[in-house]
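Engineer: Structure for the following, please:
(chains A and B)
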Amino acid sequence: MLPNLSMFMKNVYRILSVCLTLLVLSSGSAFAQKAVTGTVLDEFGVGLPGVSVLVKGTTTGSATDIDGKYSLNVPNDQATLVFSFIGYSAIEQVVGTRSIIDVTMTPDERTLTEMVVTGYSIDSRRETTGAIATVDAKDLAVIPTGNVEQALQGRVSGVTVITNGQPGTSSIIRVRGFGAFGGNTPLYIVDGVPVGTTDFLNPDDIESTTVLKDAAAASIYGARAASGVIIYTTKKGRRGDKKLRVDYNGMFGATNPGKGLDMMNPQDYATYTWLAETNAAAAEGRPANYGHPQFGTGSTPVMPYYINVGGQSGVAGPFSADQLAQEAAKYNVDYGKGPIYQVVRAATGEGTDWYDAITRVAPLHRHSLGINGGSETSRFFVGMGIQDQAGILLNNSLRRVSFRANSEFDITKRIRIGENFQATYRRSLGVSGGAGGQGVSRDENSILGAFRMPSIIPIYDEFGGYAGTAASGFNNPRNPVAERDAIKDNRSFNANLFGNFYLEADIIDNLTFRSSIGGRYDNNYFFNYSRRQYENLENNSAFGYGEGSGFNFAWTFTNTVAYKKTFEKHAFDLLAGIEALNTGAGRSINANGQNPFSQDPDFVTITNLPVATRQVNSSLGRGVNFSSLFGRLNYTYADKYIFSAVVRRDGSSRFGVNSRYGVFPAFSAAWRISSESFLQGATWIDDLKIRGGWGQMGNSNNVDPNNQYSLFGGDIGASSYDITGSNSGALIGFRRTRIGNPNAQWETAVTQNIGFDGTLFNGRLDVIFDLWRKDTKELLFEVPIPSTAGFNAAAPSVNIGQMLNQGADLLVTVRGNLTSDLTYELAVNGSLLKNEIVSLAPGLEFITSGNANPSFRGIEPIRNQVGYSLSSFFGYEVVGLFRDNEDVSNHATQDGAAPGRFKFRDLDNDGVITPEDRTILGSPIPDFTGGLNFTIGYKGFDLSAYVYTSIGNEIWNQSKWFTDFYSTFEGAAVSERLKNAWTPQNLNATIPIVEKAANFSTSNVGSSFYVEDGSYLRLQNVTLGYTLPAPLLQKWRLERLRVFASANNLLTFTKYEGLDPAVGGDADLTFGIDVGNYPVTKGYTFGLNLSF
Amino acid sequence: MKNFKLKIGALLASSVLMVAVSCSDDFLNVAPTGLLAEGQLTSLAGLDASLIAAYSQINGRAQRMASPSNWVWGSIRGGDANKGTDPGDFNTINPIQRFEADATNVNALENWQGLYEGVARANNVLRLLAKKGDDVTDADVVRIAAQARFLRGHYYFQLKRNFDKVPYVDENVDYGAGLEDVVNNVDLWPMIEADFQYAVDNLPATQAQVGRVNVWAAKSYLGKVYLYQGKFAEAKTQFTDVIQNGVTSNGLKYDLVDNYGNLYRGAYDNNEESIWAYQAAAGTGSVNNANPEFDLNNPYNSAAPGVCCGFFAPSFSFVNSFRTNANGLPLIDGSFNAPGNQVKNDMGVESSSPFTPDSGNLDPRLDHSVGRRGVPYLDWQDHPGQSWIRQQSFSGPYSVKKYVYSSTEVGSFQDNSSWTPGYTGINYTIIRFADVLLMAAEAEIETGGLEKAREYVNRVRERAKNSVVMKLDGSGPAANYNVGLYTSPWTDADTARMAVRFERKLELGMEGHRFYDLVRWNIADQELNAYLDFEGAILINALGSSNYTDKHKWVPIPQNQIDLVGADKLIQNPGF
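Structural biologist: Residues are numbered from 1 along each chain as shown, chains lettered A, B, ... in the order given. A predicted model of the protein is given here:
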């Protein structure tokens, strides 16, 4: 897959191979009978040095010289010569009568992927001692996501990916668990330059993806490596290519929103409205007093024809043509023309399917053009891509246009310069949720809105305006279609430039100096409108407009020296470097206001807003500076014993002078047991290496750059006062906004890793297994300050607390061919993960501070507590529903207890249900995640399937608060599940009684009622492709033509009752809460891969 | 070749040098942006800006439950109103009005946080004063310190009334310097008194900026603090002085505003009755300057002023209290809730069905305090009843009225820059002259001045008498108003006490006083349980089968604050 890398590193391997081969041969004894000579050429017809040439079944052999020539003696004509070289397919030749045997070797794609880009260097998988995983570039491109990192889901063991279905979203990516209380996003490196996000990358430009999981692999990145490192490199041309190669990859398709939750139809809704009164009356021992603005006051509800006629509810109909004409004359939805007057007909039958109304079959397409080529002294790659992806939710979309130009030139034989450059335009619209869309699941957004709107309300009124809860009796949900339509003219985009220049000089043989300076410039602009509403009970009362812009520039300057040398059996590989970087400095400005003279988008600007309504804010930031030194030593003895030591010293402006430097060492070793003589007989073992490592990595992501300072700030909203009594303006004052801690220092993650890499049965079976443990100590944690110090002052991060993550990663790949035409590959990966908060501040058992303890309609579902995982769910444990009054009186005293309501467990057995009875109810962190990738090829056809599973995680289904209780926002929509609610005849129900009260025993407190098993297994992708046969291609002068069809998310197996079990959130202290999750749904794509 | 190697060597060396230079310690010093260090605030301008921040916190800012209106803590708990709206909306208030709240209730935490933020800002000013810059004179120090201590006294007074004993944190302790070790086992009254005494001793009679507190506000507050402690003689001294000599910060002699309804109109901000008010402002760039705690406390309908959300619904008992007898006097014996005396309401009557409002004798302050069917709702329209009520069976038939904006105030005393228009720039009066008169009446009664008390009460009632609400078309009074004065001399302290207490309920209803008064008078148990029995029978879902027990006279100290410092240092109130 990485032909350019083979070129790039060819010299290194040539030299290494010569040495290795010589080592191997030095012990062999030869007895000559016949001399054979020849030349080994590479794919470009150039002599390939260092190729090992062995007589099969013996230790007799030789290696090619610098020109690719070899000579050796073979015992007889029946002897078979095996030519092998790292990165190339082995070739076997029976000697026969020949005395000159010339061969041309071709690169072996599979073996080449075994070279791994580890950031500052490129290493052979054979030589690595750390926990490293790679992803095939084509796997990244197969799923039509906007963010390449989403495609890692199920592809790499040890990496947890939680994402939602929203185009333009970012995902929760966690490498080996959750090491800290925040800032656990891995470090991304693109072409050697660290970046905060990879959303700008076009998957078709990516050449390699490497995940560095443990300290042995990652601590070369020192202070920023604790959450793992994900390294991307982009494509480069091939040196020596005589002709240009053009690749076109295109796909188009659509995503289907599927079905929403089952909500009650209008008639059932009315029936259950009456039932609630029946139950309430029975409980209170009084006659029922039925009534609803729409359904009358009779003993059974009467369905209205109109639900709103100029503010009148429950109007019979239909109107005659004359009446309707009169109504049309009165109709008005424009505040400028007087009071609102609507005529809204009740939806009948199954009523309005609001989920269907806010969603659509969403089209997507992606086109990438790659052009690459090179001469003997240069190579280049130019990539252009466009992706347009609509979300299933109205007016949610992602567009990314990217242009990439990578090139490298040999200035002299020893000096190379090169650059990587990308310009990207990215526009994601209608994305909801914090943290770049991650938080969408916990928002009360349009998706939840669709399940709050009663089905009896139509989307539009009789004359084309929006219908909504202005028709009384339905509480206050807002028309979600109007909500989504309202953002159609809103725009925001980001334009960025990213890249680096580098120089490489082979100062003396084996010593290479490299200098790279890279950066990223971001610019964003947005404008948006908010409409004045009329259709709801609670309307937005003004037309609003906002506009803003910002820029940010980050840079990295890296200098390294690499030295590789082999002395007999001792191979050394040294790397030393120095790096300085800034994480991004910039400014932003935004303004907003209300009620311009005209709402015509061509008119509305900030300038045209009334002065009194205008608000303008701006900010500036300088980013964080890092200054670092690092070094690595790899030593290999006899290709059997590998030892590696890494150390990095980082300084960061995040920390005060006393503690800003941290040193992060790592040591690891590997033993290639398959090279030992006692395993020589085990021919089924191709390669078997046992690895172990220990090391430290740092993290400071979770620390505000101002952490060391005590600061004061002014804010019109937080600290201003109209001291002059003007009634129209306020003077800004200053209050303490931060209490500083000059002594904070790095979090340290200590990792231990034991694993093995095995290649067995002639390459048919690959196994990579790792057992690991990551202890994060001196965790930076904002120990909550008692509010007596003032809650406006942010608490400083202090080094306290401890987190433990441990797990096992396994990757098993089986491949081969059943017949010469039928090939197969099955890759299974799985990861076990256990996360635990080991300690917090002394005496502190759980975190109570603001963002770790979010409140959803008065329910606080999260507790981060010692002994449990991050973001654990917390509340009362529901034993069942009270069966009857006797059950109530036999149970511990519980506020609001009554038949049909929740019976909470009295955990401390004190006879009263108190806050002390709350307990941990689950965790959103899966115990196991895994993927299965299966590919078979038959002649030109290829079929692949890809399954992802997440097991052992719970979801807090907060959406039930809205849909499963009649009394929460009484009048809003209710779930079909209420048909199984408790009644005196349905005592074993799990859904509480349909009633009007809301109290401690019903919906007012968090309980296990909301906690559901979130495990699932999903067939993420099935692709069938066909590659046209070579003769046809040659006729058309094409190199490759493949067409394919894919189905995404075809099947999902889960017990979860919400829309979709892929529930993320704002990690790390709070996630797994489903209020209005954006579901991952089925989609279909078709595409074309063309090369010429 | 050798030359070449030299060149490379030089390049390498220079690169390394370049990096080495840029990586010096200077490179790792990145100053904060957009913020100030303490040293920048010790100038006179910096000190005054810090004092502004201390004033700013009076309304709790985004902490709705820490506002001085005390609409939940004083009015709802006191029986003036119930939560309103429906069971699910803002349901953490439900257990508060039912007296079932436990220490995890988020509203108690919000109150605690908002008030202590005020304490912290006042302490910050005092700490900065100790480090004052060269341009700050001793007179400046006294002037600024007196205002800061007044404000701190206010925040602690609020804390004291809700939580009783709370940690007393002053400018001498701070985070990491003793603050965490302050134990809440001491009585706060001496410290609160000391702060107000300092303010009394050092504040001027008038201020160049009307928003700044003056000596008369300090004396009024000090009198109130005395009254809460039963120090009636001391209280009387302060109040008498205030009544006789007090002026507002802008120099107006204290008096009652002619029309009771004008107290709640923006145009009358900083009137002669306004002893201390939160200076609200609209269109400032943040609705936090525009009474953010009231955005939900409006009638409920997109055609209604404020649009949202039907919170703070006046209770039946409160409305019935405005019934007057033939002499225009209130039914202070408690018979106002008797069937014959109840005010007629539109429970269960749809807006489309006809309804005739009550025709009996009423105190007009009712129609300045409560929106009810058939009576003008400010200058908007006659209250249409059910269509402005979110869920009548839960909240009852009445709407909040005080501090809701009128149609003439749209765009001037009302801020429309957020999701709802219910943000008003009308000052919220924390202490007004009528309150002082009635407090003075209490002090007089307890020190034997019954007739003086009657005079004060009558002064308040006289104004009520002149505050008739007119029909929108101006054709006459909106109801049958009949207010009379207490004409016979008061000879019995008990009766006088009942009259004064009842007058406070009528005059200061919905203004956050009632619960604290009931507790202060030691009659919370009987009054509140009578109220809950009466209302609970009507609003079964809201208040049915709830009752008040004496432990609820204090709000439980927020559990998460106890969890932070330990139960030995932050001692929970008894019973929680």
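
Engineer: helix, strand or coil for residue A:647?
Structural biologist: Here residue A:647 is strand, with the state taken from DSSP: H, G, I helix; E, B strand; the rest coil.

Engineer: Correct me if wrong: it contacts residue A:633.
Structural biologist: No. Judged on CB atoms under 8 Å, residue A:647 makes no contact with residue A:633 at a distance of 9.1 Å. The way it works is simple: take the backbone N, C-alpha and C, and place the C-beta from them, glycine included.

Engineer: any idea how far residue A:582 lies from residue A:517?
Structural biologist: For residue A:582, the distance to residue A:517 equals 12 Å [CB to CB, to the nearest Å].

Engineer: Which one of these two is surrounded by more residues?
Structural biologist: residue A:582 (19 against 16; other CB atoms under 10 Å in any protein chain shown).

Engineer: As a check, name the ranges of all strands in the stretch 151-300 of chain B.
Structural biologist: Using DSSP state E, counting those that start in this stretch, the strands found in the stretch 151-300 of chain B span residues B:274-278.

Engineer: got the phi/psi numbers for residue B:409?
Structural biologist: Phi and psi for residue B:409, reported as degrees, to the nearest 10, are phi -90, psi 0.

Engineer: For the closest residue to chain A within the stretch 101-250 of chain B, which residues are in contact?
Structural biologist: Scanning the stretch 101-250 of chain B for the residue nearest chain A gives residue B:120, at 2.7 Å (criterion: CB to the nearest CB). Counting by CB atoms under 8 Å, 6 or more residues apart in numbering or on different chains, residue B:120 touches A:735, A:736, A:788, A:789, A:790, A:792, A:793, B:169.

Engineer: what comes up buried for the strand or helix carrying it?
Structural biologist: Using DSSP states H and E, the element containing residue B:120 is helix B:106-130. Applying a neighbour-count criterion of 16 or more other CB atoms under 10 Å in any protein chain shown, one finds B:106-129 buried in helix B:106-130.

Engineer: Retrieve the pLDDT associated with residue 45.
Structural biologist: Let's take chain A. If you check residue A:45, the pLDDT there is 72.

Engineer: that answer is for a different chain, and I need it for chain B
Structural biologist: In this model, residue B:45 carries a pLDDT of 97.

Engineer: what's residue B:538 sitting at in phi/psi?
Structural biologist: Note on residue B:538: backbone dihedrals following degrees, to the nearest 10 are phi -100, psi -50.

Engineer: And it, how close does it get to residue A:328?
Structural biologist: 43 Å.

Engineer: Those two - which one has more neighbours?
Structural biologist: A count of neighbours by other CB under 10 Å puts residue B:538 above the other of residue B:538 and residue A:328, at 17 against 12.

Engineer: now the chain, which segments are flagged as low pLDDT?
Structural biologist: By default, I'm working from chain A. Within chain A, the stretches falling below the threshold (pLDDT under 70) are A:1-32, A:44, A:59, A:86-87, A:107-114, A:119, A:241, A:850.

Engineer: Wait, chain B was what I had in mind.
Structural biologist: Applying pLDDT under 70 to chain B picks out residues B:1-24.

Engineer: export the contacts of residue B:120 to TSV and tack on distance to residue B:314 and secondary structure?
Structural biologist: Listed next are the contacts of residue B:120 as TSV, based on distance: CB to CB, whole Å; DSSP: H, G, I helix; E, B strand; the rest coil:
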residue	distance to residue B:314	secondary structure
A:735	36	strand
A:736	40	strand
A:788	35	helix
A:789	38	helix
A:790	35	coil
A:792	34	coil
A:793	39	coil
B:169	37	coil
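
Engineer: wait, which of those is closest to residue A:972?
Structural biologist: Among the contacts of residue B:120, residue A:792 lies closest to residue A:972 (CB to CB), at 35.5 Å.

Engineer: check contacts around the closest one.
Structural biologist: So residue A:792 contacts A:718, A:719, A:735, A:736, A:737, B:117, B:120 (CB under 8 Å, 6+ apart).

Engineer: Equivalent analysis for residue A:689, please.
Structural biologist: With CB under 8 Å, 6+ apart, residue A:689 has these contacts: A:126, A:642, A:670, A:671, A:672, A:673, A:674, A:756, A:757, A:758.

Engineer: So which bits of the helix or strand hosting it are buried?
Structural biologist: Secondary structure from DSSP H and E places residue A:689 in strand A:685-699. Neighbour counts over strand A:685-699 (16+ other CB under 10 Å) mark A:686-699 as buried.

Engineer: For the helix or strand hosting residue A:529, buried residues please.
Structural biologist: Assigned by DSSP H and E, residue A:529 belongs to strand A:511-530. Neighbour-count burial for strand A:511-530, with 16+ other CB under 10 Å as criterion, is recorded at A:511-522, A:524, A:526-530.

Engineer: now do stretch A:886-906
Structural biologist: A:887-888, A:891-892, A:894-906.

Engineer: With stretch A:347-354 instead?
Structural biologist: Across stretch A:347-354, burial judged by 16+ other CB under 10 Å covers A:347, A:351, A:352, A:353, A:354.

Engineer: Give me the residues contacting it.
Structural biologist: Residues contacting stretch A:347-354 (CB under 8 Å, 6+ apart): A:260, A:263, A:265-266, A:269, A:303, A:449-451, A:453-459, A:480-481, A:973.

Engineer: Stretch A:253-263 too?
Structural biologist: A:144, A:165, A:353-356, A:359-365, A:390-393, A:450-451, A:455, A:959, A:963, A:973-977, A:1046, A:1048, A:1058-1059, A:1079, A:1081-1087.

Engineer: Show the contacting residues for residue B:441.
Structural biologist: B:452, B:453, B:454, B:456, B:457, B:500, B:503.

Engineer: Try it again at 6 Å.
Structural biologist: B:453, B:456, B:457, B:500 (CB atoms under 6 Å, 6 or more residues apart in numbering or on different chains).

Engineer: May I ask which helix or strand encompasses the third one?
Structural biologist: Assigned by DSSP H and E, residue B:457 falls within helix B:450-465.

Engineer: Run through the neighbouring helices and strands of the helix or strand following that helix.
Structural biologist: Following helix B:450-465 in sequence order, the next helix or strand is helix B:493-507 (DSSP H and E). Counting contacts by 3 or more CB pairs under 6 Å, 6 or more residues apart in numbering or on different chains; DSSP states H and E, helix B:493-507 packs against helix B:433-446, helix B:450-465.

Engineer: Any idea how far the shortest one is from the middle of the chain?
Structural biologist: Read that as helix B:433-446. 20 Å (CA atoms, centre = their mean, to the nearest Å).

Engineer: now stretch A:637-649
Structural biologist: 33 Å.

Engineer: contacts for it?
Structural biologist: Applying CB under 6 Å, 6+ apart, the set of residues contacting stretch A:637-649 is A:20, A:129, A:219-220, A:222, A:569, A:629-636, A:663-672, A:675.

Engineer: Need the buried ones from these selected in ChimeraX.
Structural biologist: Per 16+ other CB under 10 Å, the buried members of the contacts of stretch A:637-649 correspond to this ChimeraX selection:
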select /A:20,129,219,220,222,569,629,630,631,632,634,636,664,665,666,667,668,669,670,671,672,675
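
Engineer: Give me the subset of the contacts of stretch A:637-649 lying in strands.
Structural biologist: Residues of the contacts of stretch A:637-649 located in strands (DSSP state E): A:629-636, A:663-672.

Engineer: Dump stretch A:875-887 to PDB, restricted to CA.
Structural biologist: In PDB, the C-alpha atoms belonging to stretch A:875-887 read as follows (Å, rounded to 0.1, in the frame of the first residue of the first chain):
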ATOM      1  CA  GLY A 875     -29.600   7.600  41.100                       C
ATOM      2  CA  TYR A 876     -32.200   5.600  42.900                       C
ATOM      3  CA  GLU A 877     -32.600   2.000  42.000                       C
ATOM      4  CA  VAL A 878     -36.100   1.100  41.000                       C
ATOM      5  CA  VAL A 879     -37.200  -2.200  42.600                       C
ATOM      6  CA  GLY A 880     -40.500  -2.100  40.600                       C
ATOM      7  CA  LEU A 881     -43.700  -0.200  40.700                       C
ATOM      8  CA  PHE A 882     -45.800  -0.100  43.800                       C
ATOM      9  CA  ARG A 883     -48.600  -2.700  43.400                       C
ATOM     10  CA  ASP A 884     -51.100  -1.200  45.700                       C
ATOM     11  CA  ASN A 885     -51.500   0.800  48.900                       C
ATOM     12  CA  GLU A 886     -50.400  -2.200  51.000                       C
ATOM     13  CA  ASP A 887     -47.200  -2.300  49.100                       C
END
